[in-house]
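Peer 1: Sharing a model prediction with you, sequence too.
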Amino acid sequence: MNNISKFINISKTCTSRLYTSRITSICHQRSLFTTKNNNNNINNSNLASSTSSLLSNNNVIKRYYQSPNVNGNKSSFDDITDFQNTIEIKNLPSTITKNDLKTVFQDYHIATHGVKMVFDEDVGFAYITFGNKKDFNRAVELKTFALNGQEYPIVPLQATALNWNQAGSQSYLNRTAVTNHLWKTRGPMAPNAATTKAELISKRPGESKTEIDLFFSSDLALREMYLSPYGHLRVGRFLEDLDALAGSTAIKHAEEANEDRKMTIVTASVDRINLLRTLVPDRDIKMEGIVTYVGSSSMEVMIKVRSKDNQTQQWEPVLVAYFTMVARDPILRKATPVNHLDCQTPMEKKLFEDGKKHKAARLNYSQQSLENLPPTSSELQTIHNLFMISKSTTNLELIPMKDTLCQSTILCQPQEKNINGNIFGGYLMRKGFEIAFSTCFLRFNKSLPKFVAMDDISFLNPVDIGNILSLESTIVYSHPFPDAVQKYYAQVEVLAYVTEPLSGNRKLSNVFNFTFICSPSINNEIADPNQKVKQILPQTYSEAMKYLAGKRIVERHRECEATDNMEIWFN
């Protein structure tokens, strides 16, 4: 097994060569997290010694972490975009600095922030972007770079040869360090994968277990990548990591280590993501994914997230999520069977039965959907009550549902692709969350929306590079807390439509449902008891159905809050 880096400890079952492509934020962030599974423990002594060696050399720590354009969610490699004018120098010693490179090329026009360096163990790689084609050609003609009597080859960066629609194109510039690493360890699908059916085997749930540690308490560079404008950790970034972790966990169960990859793993739906506590930025985070239920071609992946209390040093539950992943044959483009799940312990059997219940609940929700069945008599009464309220003078601040609509249009860029060459589902969830948050904030603008849950997320159609993505976000339901002033549940629906520009074909790709709690919290403002209570008002039959669907989701959330399922955290 390759020793990827003295700054990362990685489990035997999920390790592959990290530097398949070196132009990636994981190179810049590789000391910031660890991964492991149940069969292998983290080698903390190696990590401690590595940290000690970093602290003893201020020049080294600056080279590894100082980024001239840190902006909260970008790595220092994100501004290498003009690959035509960039060279690569390989196998450099660890003692080299940016000043050494600039001295050699002092007569060349180097682009702003045009010198990038990454290190794998004691081997360095430099990327220099020139401001014009002439100086780039001069540098290429040198062929070698001389340092301390040694010659190091200079080669032009060949990123223009990438086919962005091809799976396995290894350049994930805009992903977090966690997502980037998980994709690197999975690797691309084998291009000539066999179509013959492999013999299915049974696997224990623990064989798919994958853990990620994020050391936010000690690493400011990592923390800054996840920070929101309001001092919290960005939920959208975590949604990306959760999706990537679910995919990696599922593929460890579905595939054999010794056979070519015969399937792709896609996210079919997200049953629920429930945030139990606020994501505090100075606490270490541990994410754990495990396959808990398997159908014919589908797998349920449960992800638990904990944060470490800096005072008590105890790991506290923060978030739980349930992803449904589906295995598909890349040649036949249809579902393909996956390995069986061998549950032996009482907890494994309980989680398997829970997975059955989740699947049955999904089917029931679909059958009882307002798109299939009419509202119940009590729901019709609710709509009639709203109609009567709209005709009279009340103490409510009526907000027409259509007035809450926010829209966004995105050109799907190749930098947002996933390991299979499509637009990354985690990115779609992040963009959906961000427009939902903004929609909520605009209407409840004295309240910083607090994300509490994400339900019934559907991935209906893949989104390809070059498509036009249209997001439509609407507050479909609000419900005041009976024992609090100006405190509300706000349910936001986000519809994602994808358009193929050349043909003009437009179709629904995703449906996102986000639940927020809004209460006066900005600048410690005290709620005014005389202010009218906000009320979302549907004005068409279609809006009324959206209102009732949002009401159902909030009521399910309130039921879940009353359910104690803490036993999953202590196994």
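Peer 2: It's in.

Peer 1: The residue most central in space within the chain and His479: what is the separation?
Peer 2: The centre of the chain sits closest to Glu240, judged by Cα atoms, centre = their mean, with a distance of 0.4 Å. Plainly put, Glu240 is 29 Å away from His479 if you go by Cβ to Cβ, to the nearest Å. (C-beta placed from N, C-alpha, C; glycine too.)

Peer 1: With Pro501 instead?
Peer 2: Taking Cβ to Cβ as the criterion, Pro501 is separated from His479 by 40 Å.

Peer 1: Let me know the next secondary structure element after the helix or strand of the chain with the lowest mean pLDDT.
Peer 2: Lowest mean confidence among the helices and strands of the chain (mean pLDDT, DSSP states H and E): helix 58-65, at a mean of 30. Sequence-wise, the next helix or strand downstream of helix 58-65 (DSSP states H and E) is strand 86-93.

Peer 1: Please name every helix or strand in contact with that following strand.
Peer 2: Strand 86-93 sits against strand 123-130, helix 133-142, strand 144-147, strand 150-156, with contacts defined as 3 or more Cβ pairs under 8 Å, 6 or more residues apart in numbering; DSSP states H and E.

Peer 1: same question for that strand, mean pLDDT?
Peer 2: Mean per-residue pLDDT for strand 86-93: 86.

Peer 1: Determine how far it lies from the middle of the whole chain.
Peer 2: Put simply, strand 86-93 sits 31 Å off its chain's centre (Cα atoms, centre = their mean, to the nearest Å).

Peer 1: Indicate each strand paired with that strand and its parallel or antiparallel sense.
Peer 2: strand 123-130 (antiparallel), strand 150-156 (antiparallel) (DSSP bridges).

Peer 1: report the angle between the axes of that strand and helix 133-142?
Peer 2: Inter-element angle recorded for strand 86-93 and helix 133-142: 40 degrees (by axes from the mean of the first three to the mean of the last three Cα atoms, to 10 degrees).

Peer 1: ok, what's across the strand from Leu471?
Peer 2: Bridge pairing for Leu471 - DSSP bridges - gives Ser408, Ala496.

Peer 1: For it, grab the count of nearby residues.
Peer 2: 22 (other Cβ atoms under 10 Å).

Peer 1: Quick check: it touching Ile410?
Peer 2: Yes: with contacts counted by Cβ atoms under 8 Å, Leu471 reaches Ile410, the gap being 7.2 Å.

Peer 1: Overlap in contacts, the two.
Peer 2: Lys431 (Cβ atoms under 8 Å, 6 or more residues apart in numbering).

Peer 1: low-confidence ranges in this protein?
Peer 2: Low-confidence segments of the chain (pLDDT under 70): 1-84, 119-122, 158-178, 180-198, 256-262, 393, 521-529, 561-571.

Peer 1: where do the helices sit along it?
Peer 2: 25-29, 44-55, 58-65, 98-104, 133-142, 177-186, 220-226, 235-254, 346-367, 377-390, 425-443, 541-561 (DSSP state H).

Peer 1: Let's have the ones you listed in a markdown table, adding distance to Asn274.
Peer 2: What follows is the helices of the chain, written out as a markdown table (distance: least, Cβ to Cβ, whole Å):
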| stretch | distance to Asn274 |
| --- | --- |
| helix 25-29 | 28 |
| helix 44-55 | 31 |
| helix 58-65 | 34 |
| helix 98-104 | 45 |
| helix 133-142 | 51 |
| helix 177-186 | 20 |
| helix 220-226 | 20 |
| helix 235-254 | 12 |
| helix 346-367 | 13 |
| helix 377-390 | 25 |
| helix 425-443 | 14 |
| helix 541-561 | 7 |
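
Peer 1: Can you pull the domain assignment for this structure?
Peer 2: 12-161, 376-571 (automatic domain parsing).

Peer 1: who's in contact with the closest residue to Val270 other than its chain neighbours?
Peer 2: Spatially, and ignoring its direct neighbours in sequence, Val270 is nearest to Ile457 (3.7 Å; Cβ to Cβ, 6 or more residues apart in numbering). By Cβ under 8 Å, 6+ apart, the contact list for Ile457 reads Ser269, Val270, Met429, Asn510, Val511, Phe512, Asn513.

Peer 1: Would you mind measuring from the fourth one to Ser269?
Peer 2: This points to Asn510. Where Ser269 is concerned, Asn510 sits at a distance of 10 Å (Cβ to Cβ).

Peer 1: same question, the last one
Peer 2: Relative to Ser269, Asn513 is positioned 11 Å away (criterion: Cβ to Cβ).

Peer 1: on that earlier part again, next, format the contacts of Ile457 as JSON lines and append distance to Val485 and neighbour count.
Peer 2: Below are the contacts of Ile457 laid out as JSON lines (distance: Cβ to Cβ, whole Å; neighbours: other Cβ atoms under 10 Å):
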{"residue": "Ser269", "distance to Val485": "37", "neighbour count": "17"}
{"residue": "Val270", "distance to Val485": "33", "neighbour count": "24"}
{"residue": "Met429", "distance to Val485": "33", "neighbour count": "28"}
{"residue": "Asn510", "distance to Val485": "36", "neighbour count": "22"}
{"residue": "Val511", "distance to Val485": "33", "neighbour count": "16"}
{"residue": "Phe512", "distance to Val485": "30", "neighbour count": "25"}
{"residue": "Asn513", "distance to Val485": "26", "neighbour count": "23"}
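
Peer 1: Closest to Phe125 out of those?
Peer 2: Phe125 lies nearest to Met429 out of these, by Cβ to Cβ, at 32.2 Å.

Peer 1: quick one: the closest one and Asn513 touch, right?
Peer 2: No: Met429 lies out of contact with Asn513 (Cβ under 8 Å); the separation is 11.5 Å.

Peer 1: what do these two both touch?
Peer 2: By Cβ under 8 Å, 6+ apart, the residues touching both Met429 and Asn513 are Met454, Ile457.

Peer 1: which non-adjacent residue is nearest Lys334?
Peer 2: Arg328 (6.6 Å).

Peer 1: Could I get the contacting residues of the one you found?
Peer 2: Met263, Thr264, Ile265, Val266, Ser297, Lys334, Ala335, Thr336.

Peer 1: do the same with Val511
Peer 2: Val511 touches Asp456, Ile457, Ser458, Leu460, Glu493, Val494, Leu495, Ala496, counting by Cβ under 8 Å, 6+ apart.

Peer 1: What subset of those residues is buried?
Peer 2: Asp456, Ile457, Ser458, Glu493, Val494, Leu495, Ala496 (16 or more other Cβ atoms under 10 Å).
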